[in-house]
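> Okay, sequence plus prediction incoming.
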Amino acid sequence: MNQFKSIFTAIAMAGATFSSVAIAQDTVASLALTFTGLEEQEGAVMGVLFDSEDAYNGKGAPIRQIMITADKAELSTLLSGLKPGRYAIKSFHDLDGDHKMSSNPYGMPTEPFAFSNNAVGNMGPAKWADAAFDVKAGANTHSITIK
């Protein structure tokens with residue numbers, strides 16, 4: 001009798017574990033990210049993913065860094081294990097391979113760059129409100145055109 005009780009307890013606990021796993025999967029998201037518009041197939045596309053406006057504006061750190069070898073005009077990567085929420089991306093095409101966005105003496109970028117939602121900045125990076133997009137539980141896609 002105790003053996004059956006142990007088995008039923010184990011099954012009940014396994015059921016609880018399976019339920020927890022199912023719930024956890026409902027709160028996990030992935031983001032298939034595509035970069036288009038690369039005119040040169042050299043260097044790498046570099047990017048950072050932010051999950052808050054403060055972090056996006058330099059008052060915190062990105063939650064992910066992206067680096068994809070730029071060997072074709074369209075590049076893709078998958079960011080998995082994200083929490084559903086609001087995100088924004090800053091990216092650039094690192095043509096010279098120094099892992100930094102190059103700029104002229106006036107601070108204007110000399111390498112192609114882009115923001116999520118293809119948002120455009122005015123005398124600086126695009127605003128969070130323009131670049132932010134929602135990532136829901138499950139699979140998501142987003143495309144950015146590097147200019």
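Yes, it's here. Residues are numbered from 1 along each chain as shown.
> what about the strands in this structure?
29-36, 44-50, 64-69, 75-82, 85-94, 113-115, 133-135, 138-145 (DSSP state E).
> so what's residue 89 up against?
Under the criterion of CB atoms under 8 Å, 6 or more residues apart in numbering, the neighbours of residue 89 are 33, 47, 48, 49, 50, 66, 115, 116, 131, 142, 144. C-betas here are computed from N, CA, C, even on glycine.
> let's go with 10 Å and repeat that
31, 33, 35, 47-50, 56, 62, 64, 66, 79, 114-117, 119, 131-133, 142, 144 (CB atoms under 10 Å, 6 or more residues apart in numbering).
> Also residue 84?
Neighbours of residue 84 in contact, by CB under 10 Å, 6+ apart: 26, 27, 28, 29, 134, 135, 136, 137, 138, 140.
> which one of these sits closest to residue 99?
Taking CB to CB as the measure, residue 99 lies nearest residue 135 of the contacts of residue 84, at 26.0 Å.
> Give me the pLDDT for the residue nearest the centre of the chain.
By CA atoms, centre = their mean, the chain has its centre lying nearest to residue 49, at 4.6 Å. For residue 49, the pLDDT comes out at 98.
> That one contacts residue 80, doesn't it?
No - judged on CB atoms under 10 Å, residue 49 makes no contact with residue 80 at a distance of 12.0 Å.
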